[in-house]
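Visitor: the following comprises the amino acid sequence and a computationally predicted model.
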Amino acid sequence: MLERIIGLDVGDKWLGVALSDPMGIIARPLVVLERRDEVSDAETVAKLVNEYRAGKVVIGLPRLLTGHIGSQAEHVQHFAGRIASMTDVPVLFQDERFSTADAQEIMKANRKKKKTFFKERDDAVAAAVILQDFLDENRPASGV
């Protein structure tokens, strides 16, 4: 079954959103949303799930470098629970350590537009990195 997957990079001020293609092969940045409050942000994600008919939501989990869960990851887990209560799709986590750094490297390599454009898209690119990592790790093995 073909289904799109939504990826999220949850920050304190911004929510980066990415979307996969229907085959679940490629992730692309979609939008950066300014955070308001947990309820309205979760409602916005639920609307995106419906709009794009997504079958899953993958959220970057900001683990500590040791791999343990810190306070920021606990906030993300709480937000994920809010999203899960508003949708009928699985809400999964993907380790997001270094995703922002990876996103910044991607954006530096593709500097064709104004610097402000890249700052605005930074969180959406990070969400795409998180989602692409998830897609790559969960791709079915081909029976070649």
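Guide: Thanks, I have the structure now.
Visitor: lowest-confidence helix or strand of the chain?
Guide: Within the chain, no helix or strand scores below helix 99-109, which has a mean of 54 by mean pLDDT, DSSP states H and E.
Visitor: what about residue 66, how many neighbours?
Guide: Residue 66 has 7 neighbouring residues, counting by other Cβ atoms under 10 Å. Where C-beta positions appear, they are placed from N, C-alpha and C, glycine not excepted.
Visitor: same check on residue 51?
Guide: 10.
Visitor: distance of it relative to residue 15?
Guide: 15 Å (Cβ to Cβ, to the nearest Å).
Visitor: need the contact list for residue 82.
Guide: 38, 39, 42 (Cβ atoms under 8 Å, 6 or more residues apart in numbering).
Visitor: mind running it again at 6 Å?
Guide: Applying Cβ atoms under 6 Å, 6 or more residues apart in numbering, we find residue 82 in contact with 38, 42.
Visitor: surely it is in a helix?
Guide: Yes: membership of residue 82 in a helix is supported by DSSP: H, G, I helix; E, B strand; the rest coil.
Visitor: leaving out sequence neighbours, find the closest residue to residue 124.
Guide: Nearest non-adjacent residue to residue 124, counting by Cβ to Cβ, 6 or more residues apart in numbering: residue 29, 3.5 Å away.
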